Structure formats: C-alpha cells, structure tokens
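Undergrad: Sharing a sequence plus its predicted fold:
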2 protein chains.
Amino acid sequence: MECYRLFYWPQIPGRGEFIRLAFQYKNVAFEEINAIDNLQQLTSPQSDLANHPPHFAVPILEVTKDNDTFMLSQTPVILAYLARKFGLDSEQANVNKEVTRCHVQQLTLTALDWANEAHNVHHPCGPTLFYEDQKQAAAEAAKAFRNDRIPKFVRYFEKAITSNSSLTHSCRLIGDKTSMADLVLFQTLEGLYFAFPHAMQKSIAANSVLLQFRQEMAQELQDYLHSADRRPFNDGLFRHYPELDPP
Amino acid sequence: MECYRLFYWPQIPGRGEFIRLAFQYKNVAFEEINAIDNLQQLTSPQSDLANHPPHFAVPILEVTKDNDTFMLSQTPVILAYLARKFGLDSEQANVNKEVTRCHVQQLTLTALDWANEAHNVHHPCGPTLFYEDQKQAAAEAAKAFRNDRIPKFVRYFEKAITSNSSLTHSCRLIGDKTSMADLVLFQTLEGLYFAFPHAMQKSIAANSVLLQFRQEMAQELQDYLHSADRRPFNDGLFRHYPELDPP
C-alpha cells in the first residue's frame, strides 16, 4: 500500500492534470501540495535531496511505502510508474507484457508531445517571456499548428484507434481496457478543444472515432469531471487566445 | 539474444544519435536503415502495422528475438528499453532497482528536454516552416535560451553530479557507473557546444564538474567518436547559426 503526494502549481490543471486523472480514474487517494514555497524549495539548486537526483520542475510525486519514501519528477516518468502500479498499462492477451507497456508509453508520449506543442504555440520564444512579448511569433506558430500539426496528430490518433484490433465496439488506443495513454489523450483533447475550438472542429470530422473516444472517456470520468476538484482550463499549458484560433 | 534495426534519417546525428551511443557504448551490433521510402512507409497513416500502434515519427527501433518481432518509437521509450536490456539503468547498492530506473529516466528526459528546447530555438514557429522563414522569432528565442535556459539546465546537471553520493572521483549523474542518462547528457552537451559555443563557454565555468563529465565521457566513447561512423553535426536537431550565438 503506497501513499502519494503530488507537488504542483495551484489553480491551473497543467501537467499535473495528467497525473490527477490517473488517481481519479482508479479512485486512489492522494494529497496535493500547492504551496509555492514548497515547490520552489524542491526545485531549487540549493535543496538538500538526500540521495535523490534533483528535480528540474514540477510535477513531482512523492511515494511512501512502509518507512521508505522517494520522489519522482518528469511527467512521463510519473505516468509510467503509476500505470504500472494501477494496471493502466493495458495488458493484452497473447502480447508480451513488457512490449505492451512500451507501446502504452509510446502513445502516452505522443499525446504529451501534442500538448507540449500546444504550449509552444503561445510561448514560441521560450517559457521565460510573457505571451504579450511574443504575440507575433505566436501568431505564426498558431497558423502552422492549426494547418499542419493538429491534422497530423488527429490522423495519427485516429489510426491508432482504428488499427487497434483488440476492440469490439469501444474506442481505445491500445488493448480493450482504458490505459494511461487514453487518459492522457483525453486530457490533451479537452485542452485543445478549449484552446483551439475552431481548428479542432475543422480537423476532426463529425464521424471521427476521436469524437466517440472523447465521449466514452468523458462518460468513464464523469463523476470527477463534474466535481469541484476538476480545475477549469485558464492560463496554463492550454490557453485560449481568440486571435490564435480564428473562426 | 535480440537483433536490432534502427530506422532513422540519413546523414544527421539527430535523435537517432542518443540511441546509437547506447549501442556503441555497449558494443552491441545493430543495423541502421536510412532509406527515406522505408521511413515514410513506417510513419504513414496508410501503413499496415500488424497489431502495432502507429509511429508518429522516427527514430523507430525494430527488435527481433527468436521468431518474434516488434517495433518501438518515441526516443525516451527506446532509450528506456535499451537501458534495461544493456544494464544502463545504473543499479545502486541499497536502492530499490525500480526507483533507480525511474531516476535514470527522469535525468534522461531532462537532458532530452534541453535538446528539444535547442531545436525549438531555430524552429520557434514549428517544424513545418524553414528557419529562414522564422529568423526573427528565432533570434528572440535564442536570446532567452542563452540567458535563461542554458544557465538553468547547467545548474541542474551540475547539481545532479555533485549531489550524487555514489561517486568517488568520477562524474556521473546517478550511481557510480555510466547510465543512459550520462550518454544522453553527453550527446546533448556535444550538440550545444556545436550550436551555441559562446553561450556554453559563458555558462559553464572552467572548474565546472560538467567539463570533467564531458571529458570522462569522451574518453569512454573515444573509439566511436573518432570513427567514420560518428556523424558530424550539421542541420539537424542541433544547428549552428552564428547570428543566434554572438561572441
């Protein structure tokens, strides 16, 4: 029995939300620490880490089991760890478990890449400048993102679902059960529909399996999505600037 | 006994080089396929994947064992897989193996993030436009990268080495043996010294442990680095544009 504490920024869903979805989906309790002082201390070059590698940024997950405690950072590392613990790595009949686990991570990382590219659109010149200081570059970046990258990612994930031979009626990326990759893609789609509603509507056809996927996942997560714990999108990883998503 | 084929672009070191370094370091044979037709076929939305999730991009690693073949894409997934197979996940006395493995991945991903940010500098508005069409945004991105991001990553990796309590005289990121994270950081440093020689010299002090690290790693890899197989940097992931790195 492990206990979990998630260290992440207050208010924004951000990259923390990919992790929260796993806890919520599996109904596993976790504590969340949002105090800026704590976060800065953990990522400071002066912090004393007691034989841990340092953390470049949050999210950071603290895991305690018996009398042993360790910390992990880097979103994909945390997600892969929890996927293993929570059975979100989609075991498939007749497929080697290690290979399936790699494929779940492959799909997870590709969904995270899409989310990261969405962030780069509003911060093309780097995370240390304000959006207002890079609006012109952001407009260029948004155009390429809408015209080239969104359609490419959409085609990729449609292909992943339609080529998943484990499926009968439902839509999932791999295997026939919900995996970490499904949770991460769902959150990425939600963020993109918030940030680029027009571009997403243009790129995703009315009969797309991605729409069915989104609906099924929203259904599975409905208790959490309608709860006060679900943080609304605002000015975090996914941002809606109308000038970056013309009708 | 596994056989490996790496599918990646011809000529450039690119993201393929992180993977090549692992093979070279461990003296494990692999075949490399650079034919554009093959790469496009593997990443095409029309490709028949025989129960594999699709690949968004190269590098792709094909693994064959006995009569079984599977493919992996996403650089971090391939690196984590090979780290496990090749013992590059830095076992440490008295530390849980699974936790160490996660920490190697955490450090690996942070080095890859640094490399990805270096790529974003010359392509701030996206990978589908030419550098020449985004030079002004690139100049802004380069300034923030040189002034804020390079120093931040340098401090982070210096801290990782100096806080690694397994070490006696040598410099490594985790444990006392070379891990996948060391190989990836080494390649990232090489790329950054190629792309931003002035900024790197300004950010890395003459007595920095990173310089000792770089020297030790170059020593360990010297046969490969001096061979004809080592691809020179050119216009791939790391690019040297003098206007982005003023003296």
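TA: Sure thing, it's come through.

Undergrad: So which residues of chain A form helices?
TA: A:16-25, A:36-43, A:75-86, A:97-122, A:135-144, A:150-162, A:180-195, A:197-203, A:209-220, A:222-225 (DSSP state H).

Undergrad: so can I have TSV of those helices showing distance to chain B?
TA: For the C-beta atoms, the positions are set from N, CA and C on the backbone; glycine is no exception. Supplementary listing: those in TSV, determined by distance: least, C-beta to the nearest C-beta, whole Å:
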stretch	distance to chain B
helix A:16-25	14
helix A:36-43	9
helix A:75-86	5
helix A:97-122	4
helix A:135-144	4
helix A:150-162	5
helix A:180-195	8
helix A:197-203	14
helix A:209-220	13
helix A:222-225	26
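
Undergrad: now those in CSV, with mean neighbour count and mean pLDDT?
TA: Output for these, formatted as CSV (neighbours: other C-beta atoms under 10 Å in any protein chain shown; pLDDT from 0 to 100):
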stretch, mean neighbour count, mean pLDDT
helix A:16-25, 22, 98
helix A:36-43, 14, 95
helix A:75-86, 22, 97
helix A:97-122, 22, 97
helix A:135-144, 20, 97
helix A:150-162, 20, 96
helix A:180-195, 25, 98
helix A:197-203, 16, 98
helix A:209-220, 16, 97
helix A:222-225, 13, 98
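
Undergrad: What residue, apart from its backbone neighbours, is nearest A:Arg214 spatially?
TA: In space, and not counting its chain neighbours, A:Arg214 is closest to A:Leu189: 5.4 Å by C-beta to C-beta, 6 or more residues apart in numbering or on different chains.

Undergrad: I'd like to know how far the one you found sits from B:Tyr241.
TA: 36 Å (C-beta to C-beta, to the nearest Å).

Undergrad: cool, A:Pro13 as well?
TA: Applying C-beta to C-beta, the value for A:Pro13 to B:Tyr241 is 36 Å.

Undergrad: Quick one: residues contacting the residue nearest to A:Glu17 when sequence neighbours are not counted.
TA: Residue nearest to A:Glu17 in three dimensions, not counting chain neighbours: A:Gln187, with 5.6 Å by C-beta to C-beta, 6+ apart. A:Gln187 is in contact with A:13, A:17-18, A:21, A:115, counting by C-beta atoms under 8 Å, 6 or more residues apart in numbering or on different chains.

Undergrad: Go again with 10 Å.
TA: A:Gln187 sits next to A:13, A:15, A:17-21, A:111-112, A:115, A:217, A:221, A:237-238 when contact means C-beta atoms under 10 Å, 6 or more residues apart in numbering or on different chains.

Undergrad: Likewise for A:Phe145?
TA: So, once contact is read as C-beta under 10 Å, 6+ apart, A:Phe145 ends up touching A:114, A:117-118, A:120-122, A:124, A:138, A:153, A:192, A:195-196, A:199, A:244-245, B:125-126, B:128.

Undergrad: Per-residue pLDDT of it, please?
TA: With respect to pLDDT, A:Phe145 has a value of 98.

Undergrad: Could you measure from it over to A:Glu117?
TA: Distance from A:Phe145 to A:Glu117, by C-beta to C-beta: 6 Å.

Undergrad: Quick check: neighbours shared by these two?
TA: Joint contacts of A:Phe145 and A:Glu117 (C-beta under 10 Å, 6+ apart) are A:153, B:126.

Undergrad: how close does the residue of chain A most remote from its centre get to A:Cys3?
TA: What lies farthest from the middle of chain A is A:Asn67; by C-alpha atoms, centre = their mean that is 30.4 Å. Distance of A:Asn67 to A:Cys3, computed by C-beta to C-beta: 12 Å.

Undergrad: Could you do A:His123 as well?
TA: 35 Å.

Undergrad: So for these two, which residue has more residues nearby?
TA: Just comparing A:His123 and A:Cys3: by other C-beta atoms under 10 Å in any protein chain shown the higher neighbour count belongs to A:His123, 22 against 13.

Undergrad: give the contact list for the more buried one.
TA: Here A:His123 is in contact with A:129-131, A:133-134, A:137-138, A:141, A:239, B:120, B:124, B:141, B:144 (C-beta under 10 Å, 6+ apart).

Undergrad: Please apply the same query to A:Asn234.
TA: Under the criterion of C-beta under 10 Å, 6+ apart, the neighbours of A:Asn234 are A:11-14, A:194, A:240.

Undergrad: which ones among those are found in strands?
TA: Judged by DSSP state E, strands contain none of those.

Undergrad: Out of the residues you listed, which end up buried?
TA: A:12-14, A:194, A:240 (16 or more other C-beta atoms under 10 Å in any protein chain shown).

Undergrad: Taking those residues, tell me the two that lie furthest apart.
TA: The distance between the two most remote of the buried ones among the contacts of A:Asn234 (C-beta to C-beta) is 14.8 Å, for A:Gly14 and A:His240.

Undergrad: Now do the end-to-end distance for stretch A:159-176.
TA: This stretch, stretch A:159-176, spans 16 Å end to end (C-alpha to C-alpha, to the nearest Å).

Undergrad: Ok, stretch A:122-130 next?
TA: Using C-alpha to C-alpha, one end of stretch A:122-130 lies 9 Å from the other.
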